[in-house]
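Participant: Sequence first, predicted model second:
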Amino acid sequence: MSKSSAPSPPDPTATAAAQSTADVNTAAAQTALNDVNQNTPYGSTTYNPTGQYTTPSGLTVPTYTQTTQLTPLAQSILTGEQTVGANLMPTAQSLANEASTSATTPLNFNTPDSATLNEGPQLLDQNVTNALYGQQAGFLNPQWNQQQQLLQDQLSRQGIPVGSDAYNNAMEQFNNSKTQAYQSAQDSAIGAGTTAASNLFNMALTGQQQNIAQQQTAQSNPLQLLSSLFGAAPQTPSQPITTPTSSTVSPTDVVGATGLSTQAQLSDYQAQLAQQNAMFGGLSSLGGAAILGAMLM
């Protein structure tokens, strides 16, 4: 019986190369399974092998080209949408430039109403009151000057001398009436001034708010127009082709298969070796027994 020899270990380089080849072949098969040509009401998608690619390790991998072709109607719609979008681009660029300028321009709070607002209601009250009182005083002054002159002439005709008690009493009554008239005019001016000042301040505040709102509108208007323009521009639709279900292929486990084969060979070798050792052990026992019998004879 011939003596068995131990199996040689597998070449790792050859095993790795075989595993790479199996993986590439699996990937190529999986790609071919998943690249399913499609035909839909919107168009078609086809996959065609167009060449080969050689990996750094020397493996050849097939390459494919995906081609999507729309139906004549769908292509016409897409072309029209793209044309509209291209025609709107100059306007969009102009609005973008304007928006960039307006958005960085700070608001101007120094409006025609600012001076009125800066005075405040209290100062406005005083100013308006003084103006109204001055207006009323302009009417009262000539009247009271004339009445004073008439009173003095009347007292003189009556023979009441200047500085006498009768003259002083008459002039005191006149001055009291004059003071009451001017006080009434002042009270009226204060009330009217308060109302007028409040109205003037509110008008100025409303004007200021409108002015600021107009500036804000001028700032945001280009941005809103630009947003509306892009919203109105037709958007390129997504590809109207369905995605096929992916099919997977498990790669061949070359490394595992090689390991199992090597393990089987090693087990077979160990079994043969054990059998040979048993045979040699039996023969050795028989030879020892024959020698012992000869010595006893």
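Facilitator: Okay, I see it.
Participant: Helices of this structure, residue ranges please.
Facilitator: 12-34, 72-103, 114-157, 165-232, 254-296 (DSSP state H).
Participant: Which one, of those, ends up nearest to residue 61?
Facilitator: Ranking these by proximity to residue 61 (Cβ to Cβ) places helix 12-34 first, at 5.9 Å. Every C-beta, even on glycine, is put in place using the N, C-alpha and C of the backbone.
Participant: same for the closest one, what does it pack against?
Facilitator: Applying 3 or more Cβ pairs under 8 Å, 6 or more residues apart in numbering; DSSP states H and E, one finds that helix 12-34 makes contact with strand 60-70, helix 254-296.
Participant: what's the least confident stretch among those?
Facilitator: Here the lowest mean pLDDT among the helices and strands packed on helix 12-34 goes to helix 254-296, at a mean of 64.
Participant: Dump the helices of the chain into TSV; add distance to residue 46 and mean neighbour count as well.
Facilitator: Listed next are the helices of the chain as TSV, based on distance: least, Cβ to Cβ, whole Å; neighbours: other Cβ atoms under 10 Å:
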stretch	distance to residue 46	mean neighbour count
helix 12-34	13	15
helix 72-103	16	13
helix 114-157	71	14
helix 165-232	34	14
helix 254-296	34	11
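Participant: between those helices, which has the poorest average model confidence?
Facilitator: Across the helices of the chain, the lowest-scoring stretch is helix 254-296, with a mean of 64.
Participant: Settle this for me: residue 111 is touching residue 210, isn't it.
Facilitator: No - counting by Cβ atoms under 8 Å, residue 111 stays clear of residue 210, with 9.2 Å between them.
Participant: Return the residues in contact with residue 63.
Facilitator: Residues in contact with residue 63, defined by Cβ atoms under 8 Å, 6 or more residues apart in numbering, are 49, 50, 51, 52, 53.
Participant: pLDDT score for the fourth one?
Facilitator: The one in question is residue 52. Reported pLDDT for residue 52: 85.
Participant: any idea how far it is from residue 78?
Facilitator: For residue 52, the distance to residue 78 (Cβ to Cβ, to the nearest Å) stands at 33 Å.
Participant: One more: the second one?
Facilitator: Counting by Cβ to Cβ, the gap between residue 50 and residue 78 amounts to 25 Å.
Participant: burial of residue 159, as a residue count?
Facilitator: Neighbourhood size, residue 159 [other Cβ atoms under 10 Å]: 8.
Participant: Repeat that for the one 5 residues further on.
Facilitator: Applying other Cβ under 10 Å, we find 12 residues neighbouring residue 164.
Participant: List phi and psi for it.
Facilitator: When read as degrees, to the nearest 10, the backbone of residue 164 gives phi -80, psi 170.
Participant: Please report how far it lies from residue 172.
Facilitator: The value you get for residue 164 to residue 172, if Cβ to Cβ is used, is 12 Å.
Participant: Residue 159 now?
Facilitator: In this view, residue 159 and residue 172 are 19 Å apart by Cβ to Cβ.
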